[in-house]
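[1] generate a structure from the sequence data that follows.
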Amino acid sequence: MEAETSLIAHWLLNIAFAIAIVVIGRFVVKWLIKLIRKLMVRADFDPILINFSSSIANAVLMLFVIIAALDHLGVNTTSFIALLGAAGLAVGLALKDSLQNFAAGVMMIIFRPFKIGDFIEAGGVVGVVEKISVFSTIMKTGDNREIIIPNGQIYAGAITNYSARDTRRIDMVFGIGYDDDMLKAKKIMVDILEAHELILAEPAPAVAVAELADSSVNFNVRPWVNSADYWGVRSEIIEQIKLTFDKEGISIPYPQMDVHSDK
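    Numbering: from 1, shown residues only. Predicted structure coming up:
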């Protein structure tokens, strides 16, 4: 009888200790999660990453607390841990692509190669970034299509961020005929660039002979603009140069093929 009473008391004491481990462990885990969130907020991490990381950390820490409580009760946790490891490996293999997208999403959120509202080219898509999550990125194309791209596809390739810099250079090539006045054509293009109110004075726009091509003398025309004005200014400059060349009698050649016949 005394042995049974002692055994019951021993089990009750172990159960009490196990409950205490869970209660105290839960309190400690909450405190650690709050500390982690505070440090991540102070480091200016993305809210999506903060919430996701906090959830993962909470689950992992609570798992350790439960294992510690079961171990105190005399449960063989070695096999339990091995089972969890095998299950984790199986889940990891099954969700390989998802984990790859998650890892890429975390890297993108931490290093921020682009942000919401940026105009980028990534993953074979050109458009404006509308949303960044830990698994995918949503972009809007110029014709108003919404495209969802897995983060792994974006991070595995080159990312061109057209909005990363405040200014951009417009690279254009204009050709004139060999019989046209080269200096006159150059002056026309320089005057058009200098007169445009959206073209920056510094860095100064450049107009220079690029090459003597098969049917034309080609000029590189390279003005600098604010990034937001890029496409509008480019279209206006092309239009103005073409109209002015037509007015001044300067030709813009197109490829020609001369066919000679012996008959």
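
[2] give me phi/psi at Leu35?
    Note on Leu35: its backbone torsions stand at phi -70, psi -40 [degrees, to the nearest 10].

[3] oh, I was asking about Met108
    phi -70, psi -40.

[4] walk me through the domains of this structure.
    With domains defined by automatic domain parsing, the chain comprises 2-94, 113-161, 167-248.

[5] now the weakest link among those, please, by mean pLDDT.
    Ranked by mean pLDDT, the domains of the chain end with domain 2-94 at the bottom, a mean of 74.

[6] so Ile50 sits right up against Arg37, yeah?
    Yes - at 5.9 Å, Ile50 counts as touching Arg37 under the criterion of C-beta atoms under 8 Å. Any C-beta I mention is one placed from the backbone N, CA and C, and that applies to glycine too.

[7] what about the domains of the chain, which gets the closest to Tyr254?
    domain 167-248 (7.6 Å; C-beta to C-beta).

[8] quick one: the helices in the stretch 51-200 of the chain, in order.
    Taking DSSP state H, counting those that start in this stretch, the helices of the stretch 51-200 of the chain run over residues 77-94, 96-111, 151-155, 182-195.

[9] please name the bridge partners of the spatially closest residue to Lys186 that is not a sequence neighbour.
    Distances taken as C-beta to C-beta, 6 or more residues apart in numbering place Val207 nearest to Lys186, at 5.6 Å, with adjacent residues excluded. Beta-bridge pairing of Val207 under DSSP bridges involves Val221.

[10] for Val207, give me its contacts.
    Contacts for Val207 (C-beta atoms under 8 Å, 6 or more residues apart in numbering) come out as Lys186, Met189, Val190, Leu193, Phe219, Asn220, Val221, Arg222.

[11] of these, buried ones?
    Lys186, Met189, Leu193, Phe219, Val221, Arg222 (16 or more other C-beta atoms under 10 Å).

[12] let's have the residues you listed in JSON lines, adding distance to Ala57.
    JSON lines is the format used below for the buried ones among the contacts of Val207 (distance: C-beta to C-beta, whole Å):
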{"residue": "Lys186", "distance to Ala57": "64"}
{"residue": "Met189", "distance to Ala57": "60"}
{"residue": "Leu193", "distance to Ala57": "56"}
{"residue": "Phe219", "distance to Ala57": "60"}
{"residue": "Val221", "distance to Ala57": "55"}
{"residue": "Arg222", "distance to Ala57": "51"}
